[in-house]
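Colleague: got a structure for you, letters missing:
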């Protein structure tokens, strides 16, 4: 397997970024201070805000699509955010049989605080970069994100490849020798990881055990 190609380098970098960026989403230890809100609540706040810019009414189903989770998981996450006072459920103005989701005043304030923190953090990371490098990085990263959105990874194909690897079948890329992979083996940095049950590929499950940018939270 070649490690010096642009794709391989990007793969490793994205794996490292996922671990760093999802760190605030991880469940805390019992001895740690209690969070004012759960990060899964923030993910819902981001989703409701993003969707409200594009659709007339935000529904639980739309949140499920935005977060790339199952409808039942989205329903639980939305109910948690409502219980935290960050989101409200109102009667639809289009169809009285359904409800629409709206950010509460505390929800809007939390969104503003999170966005302000994240952007200040990113500015700090690039503090030593010149303006041209920052602009080029922003442009290329946006282009990369748009391409990934337009052509999402095929999770079914990945599942098949992992199943073949577990069975010891299929030649390794680059002419390597087939080696059975033991169940539970921890993948090396940069290797694809199968999503946990109950989530779709690329999501960050409740409590931060998983990965807007769908981003979000779709990291928030």
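Modeller: Perfect, thanks for sending it. Being a predicted model, the structure only gives us computed values, none of them experimental.
Colleague: Please, where are all the helices along the protein?
Modeller: 6-21, 39-52, 60-67, 71-83, 105-125, 131-150, 155-167 (DSSP state H).
Colleague: right, so of those, which gets closest to residue 93?
Modeller: Nearest to residue 93 among the helices of the chain is helix 39-52 (13.4 Å), distances taken as Cβ to Cβ. All C-beta spots, glycine's among them, are computed from the backbone N, C-alpha and C.
Colleague: Quickly list what residue 69 is bridged to.
Modeller: residue 199 (DSSP bridges).
Colleague: Show the pLDDT at it.
Modeller: The pLDDT attached to residue 69 in the predicted structure is 92.
Colleague: Give me the neighbour count for it.
Modeller: 26 (other Cβ atoms under 10 Å).
Colleague: same question, residue 60
Modeller: Using other Cβ under 10 Å as the criterion, residue 60 is surrounded by 20 other residues.
Colleague: Wait, it touches residue 72, no?
Modeller: No: with contact defined as Cβ atoms under 8 Å, residue 60 does not count as touching residue 72 (9.8 Å).
Colleague: residues contacting residue 98?
Modeller: 59, 92 (Cβ atoms under 8 Å, 6 or more residues apart in numbering).
Colleague: Tell me how far it lies from residue 89.
Modeller: Residue 98 is 10 Å from residue 89, where distance means Cβ to Cβ, to the nearest Å.
Colleague: I'd like to check the angle between the lowest-mean-pLDDT helix or strand in the chain and helix 105-125, please.
Modeller: When the helices and strands of the chain are scored by mean pLDDT, DSSP states H and E, helix 6-21 comes last with a mean of 85. Between helix 6-21 and helix 105-125, the angle comes out at 130 degrees (axes from the mean of the first three to the mean of the last three Cα atoms, to 10 degrees).
Colleague: mind checking how far residue 86 is from residue 43?
Modeller: If you go by Cβ to Cβ, the gap between residue 86 and residue 43 works out to 11 Å.
Colleague: ignore the last one, residue 100
Modeller: With Cβ to Cβ as the criterion, residue 100 and residue 43 are 19 Å apart.
Colleague: quick one: which of these two has more around it?
Modeller: Relative neighbour count places residue 43 above the other of residue 100 and residue 43, with 30 against 21, counting by other Cβ under 10 Å.
Colleague: start to end distance for stretch 116-133?
Modeller: 22 Å (Cα to Cα, to the nearest Å).
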